[in-house]
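*Asks:* Sequence first, predicted model second:
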Amino acid sequence: MAIAAKISPAELVALVTDRYVDEYYEAWLINAPGTSYQPGITVDATFLTNEVVAGTGGYQRQVIQYVGGDVGSYADDGIAMATKATTFVHDGGATALDFSHAALVKGNGNVTVLGGVTGAPSAGVNGTYANIPVTTGQSGIGLTVDLTITNSGAAAINYALSIVKPGYGYVAADSLQIAESALVTLGAVAASAGDLTFSVDTATTGGGALLAVAETANAVSLTAGNEAAFYWNLKQYGFFSV
């Protein structure tokens, strides 16, 4: 006679926390019209080869992270995680952003810790400059940072960086750069001051596992700067007795 498995609410919370908290997940757009994803039947690796090419219509994967406060209490036979939103915005160019599915995939190469500044402009303008794209000198894509300049940028130590968006596809020791031209546009430095260079200290590894797939009712084609948003609701179920 089979015996029903039992798990306490505390055990279920612990399982959810261990699996999701402090982990990164990437929302991918998949363009595979007519394909119906079936867990356990569809080959995940083959399905994911249909990802939209990075840069097409402005496409980039969107990264989410779960933290301790995202784990809910036991209710309705399970533990729900906080809803996370991912938004894909067309760049307004002539190339459409076409897709038929959204997939949530375990993150890989998401920057968690930045290394120190290795090269700094000769001088800067004190202030904080928000959400600057790091667009050159890296193996990954999508990293953005806040930059705070103090003491008129007299030395490398006066340039402090913090992660806003962790991006994806980076590896530890990647050399990164914010070009002088970008800093001049922001008003952070004057012309001929030089680039700001730094590195990746730590990035996630071992990702790529497919967690969830959502198929759109019809194939989607984003144009003219329009956007599409997906809201991810994850819940872990378990049986227990009181």
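*Replies:* Ah, there it is.

*Asks:* Point to the residue nearest the middle of this structure.
*Replies:* Centroid-nearest residue in the chain, with CA atoms, centre = their mean: Val63, separated by 1.8 Å.

*Asks:* then the helix or strand that it is a member of to PDB, C-alphas only?
*Replies:* Using DSSP states H and E, Val63 falls within strand 62-65. Taking Å, rounded to 0.1, in the frame of the first residue of the first chain, the C-alpha atoms of strand 62-65 are listed here in PDB:
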ATOM      1  CA  GLN A  62      15.800  40.300 -19.400                       C
ATOM      2  CA  VAL A  63      17.300  39.200 -16.100                       C
ATOM      3  CA  ILE A  64      15.500  38.800 -12.800                       C
ATOM      4  CA  GLN A  65      16.700  37.800  -9.300                       C
END
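
*Asks:* doesn't Tyr24 make contact with the residue nearest to the centre of the chain?
*Replies:* Yes - with contact defined as CB atoms under 8 Å, Val63 counts as touching Tyr24 (5.8 Å). For the C-beta atoms, the positions are set from N, CA and C on the backbone; glycine is no exception.

*Asks:* So what's the gap between the lowest-mean-pLDDT helix or strand in the chain and the chain middle?
*Replies:* The helix or strand of the chain with the poorest confidence is strand 235-237; it has a mean of 85 (mean pLDDT, DSSP states H and E). Computed by CA atoms, centre = their mean, to the nearest Å, the separation of strand 235-237 from the middle of its chain amounts to 23 Å.

*Asks:* Could you measure from Gly225 over to Ile149?
*Replies:* 32 Å (CB to CB, to the nearest Å).

*Asks:* Cheers, nothing more for now.
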